[in-house]
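Asker: Take a look and give me a structure for this.
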Amino acid sequence: MHDYINLLKRYWLMICVITAFIGTAAFIYLKSVTPVYEAGCKLLIFDKNKSDAMLDQKDMVLGTLGKSDPITTQIEVMKTTPIYNDVIDRCKLVDKDGQPLDPVKFKAGFTIQAVRLSNVVTVSYKSIYPDSAVLILNTFANVVIEQNLNLNREEVRNMRTFIEKQLDNQRVRLEEIEQASVNFKKREKTVAINLQTQSQINTAAEIESAIMKIEGERQGVLAQQKQLEVSLNDPRAQADPFYVSKLNMYEQGKNKLSSLEAQIASLTRQLRSINYQLSSRPQEEVNLTRFLRDEKIAEKTYTDLLSKLQELEIKEAARTASIKLLEPAMASQFPVSPKKKKLMFISLIAGLFIGCGVAYLLTMLKGHPYTMSTIKDILPYDILGTIPVVSKKELFFFRDAPGKPPTELIRYIHTNLNFKGLYSSKHVNLLLSSASSSEGKRTVSLNLACAIAETGRRVVLVNMDLRRNAFSELLQLQTVKGVTDYLTGSAGFEDICSHNKEFGFDIIDAGKTSVAPVRVFLMGKVNEFFTTLSSKYDVCVFCSAPVLTASETIDLCRYMTGIVLVTDMVTSDTNSISAMNALIGNKGLPVFGTIVNRMNSRI
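Answerer: Numbers count the residues shown, from 1 in each chain. This is a model prediction of the structure:
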């Protein structure tokens, strides 16, 4: 985890820039996007004409026969296109071209949901205009309630219409019978019949009316029996909790049918007996009796139809909507979209994730050893210490910033080398090298030499990279001669050595630079050079050229007491480190460990 935290520290600026960019983009979007407001209302759905608390067992059983969920049914009715067309017409809603809104697109702005464990349905509508959303939603609720009222009254209205037609037909028939009776009386000069005959006619009319009522009841029982048969014959019928009750109702229905049929048969026999008695009268009286009987039956039927019509008119007026507006829509002061706080929070989190992802991807693409574990997996040596990022003005931090952490870290590296037994020899040759250039060898070797000199040892810092005068450039020294001049015989040892009491150690730079250092090392004075160094100094710190770019570096390792490899969290790459390990790993060289430079580097 610590290694990944260091990775984030290295790329903190880039991560902050990406996060700020995404956050700024989200802020600009929030400022430019049109806010959307949502209005909501609540509708209460109930059965006005039948309360659950008043249902007996028969009603409950019959209610299970093909009965659907009323809440779901009403929601599906609310989603029908005619309702939205009606709302569009009432609110005069048009599109950009001045045409009425498309009901399908208009419907997409509505959300209809049932509140769990209740008969309440919530309806919401979104619009960029809060007042318009309220108007549209309240209009929608009114249209739904009106349609529901019409649907509730439709059944009774259809029955009333049917009765009105039957009543008109029966009135015409009654008038025709009455006129035929009057004509018969005028023609036969017969005005009335005796009371006994009149009584028999009234009885016959009542019996025929009773037979019609019982027959209607019988047809209702037959319909119920067919419905029960379908339910009982279902393969899953026995799993129904009302199965036994339905079975009992079916048996009771059969008994009821038998009873009704027996009543019809009994009344039919009585009617047949009365008709027989009436037919035994004189022919003129029989004909008049027939007219009077038909007139009485027609009058009775007309009276019953008229009574039924009045009853249906009362029922239709009493029918109310089974949907009520529980809570009307109100204008909202705050938009529901976009949700500014949520979007800004998500954008910042997304920026952090994207920034971290880009940082990790860049590290993988560049091949940088973004964690200490990566370096340990490639180089099989101990980590002697780490050096944090220092400014270019403080590269000689051991002298310029003695109280800061980098100075203490150099002392820590010096202590680790001591524990490794590096200083147990009378004379020590310590080489600092790396896989490629710009990995901090010069800075580390300079400050490490200063730390060693602090212990009282005689120390010299030698630049073995003959391609450049590294320390003269860093410390702004006027170096004329150096290692190259000594090895080529053009200068003595005292000529190339720079004594500086301020530093506490001597410095030998490259001197005359060479594009082919290998030739310089082959001139035969290398052994003499190292012998002279060992006679004058306790510790010689060498800063060499990179292992992968200078062939002489591996040859120099033969003269060393110890070797330290420098890696850099910014410029090093895993492929170069692996190649360096392949070159030195199988030669038995005294590699003491690795120093990680710019550990908390920032890009």
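Asker: what ranges do the strands span in this protein?
Answerer: 37-45, 110-114, 120-127, 323-327, 383-387, 428-433, 459-463, 506-508, 539-543, 562-568, 591-597 (DSSP state E).
Asker: Can you spell out which helices and strands pack onto the first one?
Answerer: Strand 37-45 sits against helix 70-78, strand 120-127, helix 130-188, strand 323-327, with contacts defined as 3 or more Cβ pairs under 8 Å, 6 or more residues apart in numbering; DSSP states H and E. C-beta: built from backbone N, CA, C; applies to glycine.
Asker: Please point out which parts of the shortest one sit buried.
Answerer: Of the residues in strand 323-327, those buried under the neighbour-count criterion (16 or more other Cβ atoms under 10 Å) are Ile323, Leu325.
Asker: now do stretch 521-529
Answerer: Buried residues in stretch 521-529 (16+ other Cβ under 10 Å): Phe521, Val526, Phe529.
Asker: Distance-wise, check Asn597 relative to Leu431.
Answerer: 16 Å (Cβ to Cβ, to the nearest Å).
Asker: and what of Asp95?
Answerer: Distance of Asp95 to Leu431, given as Cβ to Cβ: 81 Å.
Asker: repeat for Tyr537
Answerer: Relative to Leu431, and taking Cβ to Cβ, Tyr537 is found at 14 Å.
Asker: What about the closest residue to Ser425 other than its chain neighbours, how many residues nearby?
Answerer: Nearest residue to Ser425, sequence neighbours excluded (Cβ to Cβ, 6 or more residues apart in numbering): Thr561, at 5.7 Å. For Thr561, the count of nearby residues is 18 (other Cβ atoms under 10 Å).
Asker: Hmm, His499 is touching Phe505, no?
Answerer: No: using Cβ atoms under 8 Å, His499 makes no contact with Phe505, being 9.2 Å away.
Asker: ok, the two, which is more surrounded?
Answerer: Phe505 (22 against 10).
Asker: okay but the more buried one is in contact with Val462, surely?
Answerer: No: using Cβ under 8 Å, Phe505 is not in contact with Val462, being 10.6 Å away.
Asker: Please save the CA atoms from stretch 391-410 in CSV.
Answerer: The C-alpha coordinates for stretch 391-410 follow below in CSV (Å, rounded to 0.1, in the frame of the first residue of the first chain):
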residue,chain,number,x,y,z
SER,A,391,15.6,21.1,-5.8
LYS,A,392,18.4,21.8,-8.3
LYS,A,393,19.7,24.5,-5.9
GLU,A,394,20.1,21.9,-3.1
LEU,A,395,21.7,19.0,-5.0
PHE,A,396,24.7,19.3,-2.5
PHE,A,397,22.2,19.1,0.3
PHE,A,398,24.6,17.6,2.8
ARG,A,399,26.4,20.9,2.8
ASP,A,400,23.6,23.3,1.9
ALA,A,401,20.7,21.7,3.9
PRO,A,402,22.3,19.9,6.8
GLY,A,403,19.0,19.7,8.8
LYS,A,404,16.7,18.4,6.2
PRO,A,405,15.6,14.8,5.6
PRO,A,406,17.8,14.1,2.6
THR,A,407,20.9,14.6,4.7
GLU,A,408,19.7,12.2,7.3
LEU,A,409,18.8,9.7,4.6
ILE,A,410,22.4,9.8,3.2
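Asker: How about residues contacting that stretch?
Answerer: Residues from elsewhere that reach stretch 391-410 (Cβ atoms under 8 Å, 6 or more residues apart in numbering): 385-388, 390, 443-444, 446-448, 450-451, 474-475, 502-503.
Asker: same thing but 7 Å
Answerer: With contact meaning Cβ atoms under 7 Å, 6 or more residues apart in numbering, stretch 391-410 is reached by 385-388, 390, 443, 446-448, 450-451, 474-475.
Asker: Of the helices and strands packed on strand 37-45, which stretch is the most buried?
Answerer: Highest mean neighbour count among the helices and strands packed on strand 37-45 (mean count of other Cβ atoms under 10 Å): strand 120-127, with a mean of 19.
Asker: who does it touch, helix- and strand-wise?
Answerer: In this structure, strand 120-127 packs against strand 37-45, helix 70-78, strand 110-114, helix 130-188, with contacts taken as 3 or more Cβ pairs under 7 Å, 6 or more residues apart in numbering; DSSP states H and E.
Asker: between these, which gets the lowest average pLDDT?
Answerer: For the helices and strands packed on strand 120-127, the weakest mean pLDDT is recorded on helix 130-188, namely a mean of 82.
Asker: now that helix and strand 37-45, what's the angle there?
Answerer: 30 degrees (axes from the mean of the first three to the mean of the last three Cα atoms, to 10 degrees).
Asker: How far off centre is helix 130-188?
Answerer: 54 Å (Cα atoms, centre = their mean, to the nearest Å).
Asker: for stretch 116-127, same thing?
Answerer: Counting by Cα atoms, centre = their mean, stretch 116-127 comes out at 22 Å from the chain centroid.
Asker: Stretch 417-427 too?
Answerer: So, by Cα atoms, centre = their mean, the centroid of stretch 417-427 is 62 Å from its chain's centroid.
Asker: closest one to Gly216 among the helices and strands packed on strand 120-127?
Answerer: Among these, the nearest to Gly216 by Cβ to Cβ is helix 130-188 (13.1 Å).
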